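*Asks:* Just a sequence and a predicted model for now, questions to come.
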Amino acid sequence: MPAPFKEVTTLYWTFLFCLIAFRANGASGLNSCAGINTTLFLCSSEATEVDLLASLEGNPDGNGIWTEVVPYGVDLDNPNAVDLSFLLTGTYDFIYTIPETVDCPATSAILTILLQHTIDADDVLITTFCDDNSTPTDTFDDTFSYTVLVNAPTTGSGSVMTGSGFIISSDPSQSIYGYDTTVGPFGDDLIDDGSVFITINDLSINGICVSEPIEILPPNNCSECNESVSAEASFPLACTNPFVLLTGSGSTIGTYSWTSANGFESNLPNPTVSDTGTYVLTVLFENGCVGTDSVYVSSNIAIPEVDAGADMTLDCMDSSIQLTGTVSVDNPIIEWTSENTIIEESTSLTPTVTESGWYFLNITNPSNGCSNIDSVFIEAPNNIESATINSLPTGCDSLNSGSIEIMSISGGTAPYLYSINNENLMPTSSFENLSSNDYTIGIEDSNGCTWDTIITIENSSSFTLELGENLNISLGDSVQIIPFVSLDENAFIENITWTNETTLSCSGCFTPFASPSNTTTYEVIMENNFGCIAADEITIFIDRSTSIYIPNVFSPNNDGINDLFQLFSDDVILINELNIYDRWGNQVYRATNVEPSENIGWDGTFRGQMMNPAVFVYYFDVQLLNGQRRILKGDVTLVR
């Protein structure tokens, strides 16, 4: 068979510069605004974007117009990139015309393009021939020759250059167009050496347009091979057989090569593989013959499907449960296991178990040894652990007003049934109209799990209420009344009624603030949720005496101490009038209808001027908290 492709070094490099232009001046030999007549040699392979203006010699002006001497079908809309590659080999004239201007008379120049066709692979028909060199069973010395037939859209002579530098028909008078030209055989053109390359040159004009290298593929070997190759596999892949031994053999000594589409490669005669697929064995025998064979490695590695069943919960009424496993294969090897118990029927798909925990079903397909596993969780019975139960004692007005109510349950599985004193179970979770006694409360869940306890209904007793000792407050003050109540565990205050609510901060509340203006007695009546009533009263005495302080000296020197002459009292709510006089009776300060505060008073000035130290007379007319009005007179000394 042919050896892998290899490129043969060629000697045609001096001919690859196809776009070499030769320009000859026109007959006039003089420059003009349109340039001078120019001849350009051009290969068709380089004629896709020809700049016509740049090809003219003589520095032509850029404002001219291009036209064809005869219609060639060339698009001249963009003369800077004209496509001439579609034209046949030949001569083409283009006229460049400049209109008359101030600087130039009307003139023109001709660009003559000598276009030469460049041969490519589509123009060539190549025929190859094999020579066994008188060794019909040895493919290593098989060589080949080839003929070349050029059919190009051109006429004239041409030459063929081989990869080893040999030139055929280099004489322009010896045309190769339309004639087979035999090249070779050469001593080093062995078929096993791979492809060779030639280039073709059109000599019809100037011989510079050389083709790109054209590849010639060698023919098949013509020496016959009678060798044989065998490829076999030991057995299919399986879970118990993850590797397969390939066995290769040849009729004589040779070099072995295993390959596969999955990327496997080996030069061993008997390699080991682990993937399915087709494995190709190629043997290169010492006589150059090549033999191939292939073997397909199949597999039987299907994993069996297994389902250990849905998770379940043990029942309080029945301490056993049956597992329900299913599989996808016939006659499987079955094995049940558990974390914390021994399963008696471990080889059955449906064993009976009595313990909670994880159970594992392992299945093996005996035909290929493949296994799979699944698990199921058996939950222990969810026993009832506790219950929150509220009980109410009998009421003050009824001996059969007690009740029991189950508020919540911890554990177990809903729905629940309830019983009292071992009577019939019922879905009602509360029991009413009970007298004081001990009662057995029972609970049963949906799995038959039970729980019970004893609840005692007590007689409801009256509760105590005390408001404490009587209180004394000053006029204008307030005080909070705090009752002291003693209630049973399940009792609470339901209704509260106060007397004299108009002087309380709230109506019907438990701890109101009292703000009486006169001595007042408050009575409260409370009723609990069982209808029991208690009452008490408290008297709040009002101290109506007043306290007013007026200093007899002040020092308005801005030291922050006694800078104002002012009245101090919690009983004065309004200063109706304040007048201050000097010793001659002149009024030096006056204020009316102001509330007492730290910033209200005389600062020792008169008409913006500081008064000298002296004794002054004051006059206060004040309104008291108790509604009385008082006049206060005296003197005060101003010091510095």
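*Replies:* All right, it came through fine.

*Asks:* what stretches of the stretch 101-250 of the chain score poorly on pLDDT?
*Replies:* 152-188, 202-208 (pLDDT under 70).

*Asks:* What segments of it are strands?
*Replies:* 107-116, 124-131, 143-150, 158-161, 167-168, 181-183, 196-202, 209-210, 214-216, 229-233, 237-238, 244-250 (DSSP state E, counting those that start in this stretch).

*Asks:* quick one: which of these is nearest residue 591?
*Replies:* Each of the strands of the stretch 101-250 of the chain has some distance to residue 591 by CB to CB; the shortest is strand 237-238, at 114.7 Å. For the C-beta atoms, the positions are set from N, CA and C on the backbone; glycine is no exception.

*Asks:* Which of the strands of the stretch 101-250 of the chain sits closest to residue 329?
*Replies:* Taking the strands of the stretch 101-250 of the chain one by one with CB to CB, strand 237-238 is closest: 13.7 Å.

*Asks:* Name the surrounding residues that touch the closest one.
*Replies:* For strand 237-238, contacts defined as CB atoms under 8 Å, 6 or more residues apart in numbering pick out 243-244, 274-276, 297-301, 368-370.

*Asks:* Would you list the strands that it pairs with, along with their directions?
*Replies:* strand 299-300 (parallel) (DSSP bridges).

*Asks:* circling back: any of the contacts of strand 237-238 buried? List them.
*Replies:* By neighbour count, with 16 or more other CB atoms under 10 Å, the contacts of strand 237-238 hold 244, 276, 297, 299, 300, 301, 368, 370 as buried.

*Asks:* As JSON lines, the strands of the stretch 101-250 of the chain with distance to residue 223 would be great.
*Replies:* Converted to JSON lines, the strands of the stretch 101-250 of the chain look like this (distance: least, CB to CB, whole Å):
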{"stretch": "strand 107-116", "distance to residue 223": "44"}
{"stretch": "strand 124-131", "distance to residue 223": "9"}
{"stretch": "strand 143-150", "distance to residue 223": "11"}
{"stretch": "strand 158-161", "distance to residue 223": "28"}
{"stretch": "strand 167-168", "distance to residue 223": "28"}
{"stretch": "strand 181-183", "distance to residue 223": "22"}
{"stretch": "strand 196-202", "distance to residue 223": "20"}
{"stretch": "strand 209-210", "distance to residue 223": "36"}
{"stretch": "strand 214-216", "distance to residue 223": "20"}
{"stretch": "strand 229-233", "distance to residue 223": "17"}
{"stretch": "strand 237-238", "distance to residue 223": "40"}
{"stretch": "strand 244-250", "distance to residue 223": "18"}
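
*Asks:* Which of those strands sits closest to residue 624?
*Replies:* Nearest of the strands of the stretch 101-250 of the chain (CB to CB): strand 237-238, 113.7 Å.

*Asks:* give me every residue that touches residue 376.
*Replies:* 308, 309, 310, 311, 312, 323, 358, 359, 361.

*Asks:* Burial check on the second one, number of neighbours?
*Replies:* To tie it back to what came earlier, the one meant is residue 309. 18 (other CB atoms under 10 Å).

*Asks:* Pull up the gap between it and residue 382, please.
*Replies:* 20 Å (CB to CB, to the nearest Å).

*Asks:* try the last one
*Replies:* Separation of residue 361 from residue 382 (CB to CB) stands at 25 Å.

*Asks:* Same drill for those two, tell me which one is more crowded.
*Replies:* The neighbour comparison of residue 361 against residue 382 (other CB under 10 Å) goes to residue 361, with 26 against 16.

*Asks:* dump the residue contacts of that one.
*Replies:* Contacts of residue 361 by CB under 8 Å, 6+ apart are 306, 308, 323, 325, 334, 335, 336, 349, 373, 374, 375, 376.

*Asks:* okay, now the fourth one: neighbour count?
*Replies:* Yep, that's residue 325 we're talking about. Neighbours of residue 325 (other CB under 10 Å): 20.

*Asks:* One more: the fifth one?
*Replies:* The local packing of residue 334 (other CB under 10 Å) involves 18 other residues.

*Asks:* ditto for residue 201
*Replies:* Counted with other CB under 10 Å, residue 201 comes out at 25.
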